[in-house]
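Visitor: Turn this into a model:
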Amino acid sequence: MGILQRNYLIIVLLLCNYIALAQQPEFYANGQLKAEGKYKKDQKTGDWVYYREDGSISLKESYNRKAPNMKTVEYFHPNGKTSATGTFINNLKYETWTWYREDGTKDQMGTYMKDKPFGSFSYFDKNGVLKEKGEIIDGLMHGVWEYYYTNGKLLKKGVFLRGKAIGEWECYDFNGNYENTMVYPNAFDDIKFYDPKSNYRAYATNEGKVPYTKNYPNGKPEVVGQKYRGYNDGDWKWYYENGQLKEEGSFKDALPTGIWKTYYPDGTLRSEGTMYKTGFSKDFILYHPNGKVKYKNIDSGKYATYYETGELYIEEFKVLGVTTGKNYYNKSGKLVKSE
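Guide: Numbering: from 1, shown residues only. Reported below is the predicted structural model:
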């Protein structure tokens, strides 16, 4: 190949490469520039800029040369200030995203996975001061969350379980001093265990003692006991789906009797008390998952509920099983309210 031919080939290749990477602008019907950027092998590459019909910038995209399905973006308010920044992979939100108000102050910031909030999130007030922060999993608040006053002092903090506030939440005044503790139901506070008032009866039969077993769909036992002439008799046990013991107690003459106990899914004792005819006697005790007493009778007609750390939370007064009054205390022992 001669020198002229080689030079001609080089020029053609350079020209093809230039054409392939040349700016290829897009326009609105009125002639206003709509977008400008480069293509390589029919795919966008490098930096792209998009405009509104009034000429203001609406979006900037930056494509990763080594990962063409990935791009970082910056959106703009009509006044030219940034409205949001983040990363797309296959047109789905990933990694850290940040949003801003029209005046430039930060509004919120959080991480995404497959277009869904997943990970740490922070929210800011109109002055850009941190307002609240915590974790989000599958679009739901989960784990420890903290809320703040406009002066930056902690307002309250506590735990969410799949979007539901649970356990003890500490509250503080505007100066950051501890003020009170709010208590929300825990994950297992609403577990429905054996209800003696509705479950002890059955249809009488002439059969003697017959084993009784009911299994979960996974094949593990849900209930194990025995029947005598159609009624519950002797020792009975209830289980969680993971096989852990959930509740145990005994029946005599078709009625629950003796010591009954319930357990958390990890095997920790949840409650215990003597079953008398159709209900627990006054020695019933409920425990926190950490093993500390949560609720018990402390005197005739007087009951107490405790924080997980052991301090008195509620003083409850009952007459013939009916609540007549309650006193609420914070962890410092101060009476917060009475009702």
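Visitor: Now do stretch 87-107: distance to the chain's middle.
Guide: Taking CA atoms, centre = their mean, to the nearest Å, one finds stretch 87-107 lying 22 Å from the centre of the chain it belongs to.
Visitor: what does stretch 151-169 give?
Guide: With CA atoms, centre = their mean, you get 11 Å for stretch 151-169.
Visitor: what mean pLDDT does it have?
Guide: Taken as a whole, stretch 151-169 has a mean pLDDT of 90.
Visitor: ditto for stretch 258-270
Guide: Mean pLDDT, stretch 258-270: 92.
Visitor: which parts of it are buried?
Guide: For stretch 258-270, the buried set under the neighbour-count rule, 16 or more other CB atoms under 10 Å, comprises 260, 262-265, 270. In this view, the C-beta of every residue, glycine as well, is placed from N, C-alpha and C.
Visitor: can you map out the helices along the stretch 101-250 of the chain?
Guide: For the stretch 101-250 of the chain, the helices defined by DSSP state H, counting those that start in this stretch occupy 196-199.
Visitor: Farthest pair within the buried residues of stretch 258-270?
Guide: Distance extremes for these: the farthest pair is 260 and 265 at 18.0 Å, using CB to CB.
Visitor: Could you report the separation of residue 109 from residue 275?
Guide: 54 Å (CB to CB, to the nearest Å).
Visitor: I misspoke; the intended subject was residue 144.
Guide: 38 Å.
Visitor: and those two? which has more neighbours close in?
Guide: Neighbours were counted for residue 144 and for residue 275 using other CB atoms under 10 Å; residue 275 has more, 21 against 11.
Visitor: Specify the beta-bridge partners of the closest residue to the more buried one other than its chain neighbours.
Guide: Leaving out its chain neighbours, the residue that sits closest to residue 275 by CB to CB, 6 or more residues apart in numbering is residue 256, at 4.1 Å. Beta-bridge pairing for residue 256 (DSSP bridges): residue 251.
Visitor: now the strands: where do they sit in the stretch 101-250 of the chain?
Guide: 106-113, 116-124, 130-137, 140-141, 143-148, 154-161, 164-172, 178-184, 209-215, 221-228, 231-239, 245-252 (DSSP state E, counting those that start in this stretch).
Visitor: Could you list every helix and strand in contact with the first one?
Guide: It stands for strand 106-113. strand 92-100, strand 116-124 (3 or more CB pairs under 8 Å, 6 or more residues apart in numbering; DSSP states H and E).
Visitor: What strands flank the first one, and is each parallel or antiparallel?
Guide: Pointing back at strand 92-100 there. strand 82-89 (antiparallel), strand 106-113 (antiparallel).
Visitor: quick one: buried residues of it?
Guide: Per 16+ other CB under 10 Å, strand 92-100 contains these buried residues: 93-94, 97-100.
Visitor: Then the last one?
Guide: Of all the residues in strand 116-124, those buried under the rule 16+ other CB under 10 Å are 117-118, 121-124.
Visitor: Contacts for it next, please.
Guide: For strand 116-124, contacts defined as CB atoms under 8 Å, 6 or more residues apart in numbering pick out 93, 105-113, 130-139.
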